[in-house]
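Enquirer: Sequence plus predicted model, see below.
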Amino acid sequence: MSVAVLSDVHGNAFALDAVLADVRAATPDLTVNLGDTVWGGADPGRAWALQQEHAPPTVRGNTDELVAGRWPERDREQTAWVQAQLPAGVPEVLGALPTTAQVADGEVLLAHGHPQDPWRALLFEGAPESPRLRPGPALLAELSGGSAVRVVLVGHTHREALVAEGGVTFVNVGAVSRQFQGDPAARWALLERHQGLWNVQFRRVPYDIEGAARWAEAHAPQGAHEAAWLRQGRLPQSP
């Protein structure tokens, strides 16, 4: 069995186009989406349409909660703009998504950041700009989903990482958009099961970064900041 894993599209239709083409070439049996679907400035309306058709969100991300209006005191301008890019009812759809899901006969547990909270990171601790991987026993102690779980997949941190402990593989999937380490390529992961064992392949895909940046500059409320982030593959200084 093979599973394509997307996370943190952040409304970047340009990056998602390239990732979906790479996913189709891999012919997975299943595609899952770990959330943070549309909160971003590179054509979130089209990014949502692509996800609805090819990779509907499986679990709720933290910024999906923003779009759903759960935190009205935060980022009001961005929230209103993103909501305006989407068909009616999408915020309610995002808000109703579960925080966890299990696939592959319960062997694979999905969450956005942490099984208990999409705003928390499971695999990393410390400052976001220089996080540290948590030790395997600490990860195992937080495992939920039952004894069948062999793989735990999360996103949220926009970093690729893998930790194996006690027969469970914990995977932090790279982000489709908004990278943090100076490489702007889009990312996804391919999970494959052979003879009862799961293997993980981290994938990186080039895309039309300049097209995405220019779209953000022309349309998004903080478009210059978004464009700089996409071009640099690193979070720029706040505007």
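Expert: Looks like it came in fine.

Enquirer: Tell me which stretches of the chain form strands.
Expert: Counting by DSSP state E, the chain has strands at residues 2-6, 30-33, 100-103, 108-111, 124-125, 132-133, 151-154, 161-165, 168-172, 186-194, 197-205.

Enquirer: right, and those - which one's nearest Gly89?
Expert: Ranking these by their distance to Gly89 (criterion: C-beta to C-beta) puts strand 30-33 first, at 18.0 Å. Glycine gets a C-beta too; all of them are placed from N, C-alpha and C.

Enquirer: Give me the distance between Gln83 and Leu20.
Expert: Per C-beta to C-beta, to the nearest Å, Gln83 is found 24 Å from Leu20.

Enquirer: what about these two, which has more around it?
Expert: Shown here are Gln83 and Leu20; by other C-beta atoms under 10 Å, Leu20 has more neighbours (22 against 17).

Enquirer: Report the angle between the helix ranked longest in the chain and strand 2-6.
Expert: In the chain, with assignment by DSSP state H, the single longest helix is helix 13-26. Taking axes from the mean of the first three to the mean of the last three C-alpha atoms, to 10 degrees, one finds helix 13-26 and strand 2-6 inclined to each other by 170 degrees.

Enquirer: Let me see the mean pLDDT of helix 13-26.
Expert: In this model, helix 13-26 has a mean pLDDT of 98.

Enquirer: cool, stretch 29-47 as well?
Expert: 98.

Enquirer: and it, which residues are buried?
Expert: Buried residues in stretch 29-47, counting neighbours by 16 or more other C-beta atoms under 10 Å, are found at 31-47.

Enquirer: which residues touch the most far-flung residue of the chain relative to its centre?
Expert: Most distant residue from the mean C-alpha position of the chain: Gln195, 28.2 Å away (C-alpha atoms, centre = their mean). By C-beta atoms under 8 Å, 6 or more residues apart in numbering, Gln195 lies in contact with nothing.

Enquirer: likewise Leu122?
Expert: Ala111, Gly113, His114, Pro115, Arg134, Leu139, Glu142, Val152, Val154, Phe170, Asn172.

Enquirer: For the residue nearest to Leu50 when sequence neighbours are not counted, list the residues it contacts.
Expert: Excluding the flanking residues, the one nearest Leu50 by C-beta to C-beta, 6 or more residues apart in numbering is Leu16, at 5.2 Å. Counting by C-beta under 8 Å, 6+ apart, Leu16 makes contact with Leu6, Val9, Ala47, Leu50, Gln51, Val176, Ser177, Ala186.
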